[in-house]
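J.: curious how this folds, go ahead:
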Amino acid sequence: METTKYRLGEEHPSKNLFRVVALRDFGRVKAGAVGGWIESENNLSQDGLAWVSGDALVCDNALVCDNALVCDNAQVSGDAQVSGDARVFGRAQVFDDARVSGDAQVCDNARVCDNAQVSGRAQVFGHAQVFGHARVSGDAWVSGRARVSGDAQVSGDAWVFGRARVFDDAWVSGDARVSGHAQVSGDARVSGRAQVSE
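T.: Now for the predicted structure:
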């Protein structure tokens, strides 16, 4: 049975948060390493290789578990979960009931919120936003100032970038590219090697 991997250390000067301090070696973390900020031990699993580092913060009922990493200045809050081998970094924010799992990455200034899910090896970066009940999965990329919302799905090797919008019940899949100021909405399906740009 594994022993406790971290303890709560220094208290934040202005918030009800504590630095995490590693008590033993695990993954790339060495005993004594000082990590990021959490509100309580409910925010970071004592199992697996999950870690919070840098000035990242995890608070409210949010959970980082399995082998997930939240680092740099990223924030995970609300009832959000970051699991699997997922990474949230840069100044990214994951909040509300959002889920980031698998090998997914959310970084830069991206935001994933509401009931959105990012999974597989998907990447959300730049100033992109994924919200509502949207799903981004597979090897899909959402970047730039793109937005994916509603019940929209972006999957496969699809890319949504620029200032493109995918919303309502729209699906973008395969090797499709949606860029510029394009909008894909309603129950539209963009797949294969299709390219939509405006």
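
J.: test for you: state the pLDDT assigned to the nearest residue to residue 30 once chain neighbours are set aside.
T.: Counting by C-beta to C-beta, 6 or more residues apart in numbering, the nearest residue to residue 30 once its immediate chain neighbours are dropped is residue 22, at 6.6 Å. In this view, the C-beta of every residue, glycine as well, is placed from N, C-alpha and C. With respect to pLDDT, residue 22 scores 97.

J.: residue 22 contacts residue 44, correct?
T.: No: using C-beta atoms under 8 Å, residue 22 and residue 44 do not qualify as a contacting pair, with a distance of 11.0 Å.

J.: which neighbours do the two have in common?
T.: In the contact map built from C-beta atoms under 8 Å, 6 or more residues apart in numbering, the residues linked to both residue 22 and residue 44 are 6, 51.

J.: ok, those two, which is more surrounded?
T.: Each of residue 22 and residue 44 had its neighbours counted (other C-beta atoms under 10 Å), and the higher figure belongs to residue 44 (26 against 20).

J.: state the pLDDT value of the more buried one.
T.: Each residue has a pLDDT score; the one for residue 44 is 98.

J.: what do you get for the one 5 residues further on?
T.: Looking at residue 49, its pLDDT reads 97.

J.: for residue 33, see how far away the spatially closest residue to it that is not a sequence neighbour is.
T.: Leaving aside its chain neighbours, residue 49 sits nearest to residue 27 (3.8 Å; criterion: C-beta to C-beta, 6+ apart). If you measure residue 27 against residue 33 using C-beta to C-beta, to the nearest Å, the figure is 11 Å.

J.: okay, these two: which has more neighbours?
T.: Using other C-beta under 10 Å, the more surrounded residue of residue 27 and residue 33 is residue 33, with 16 against 13.
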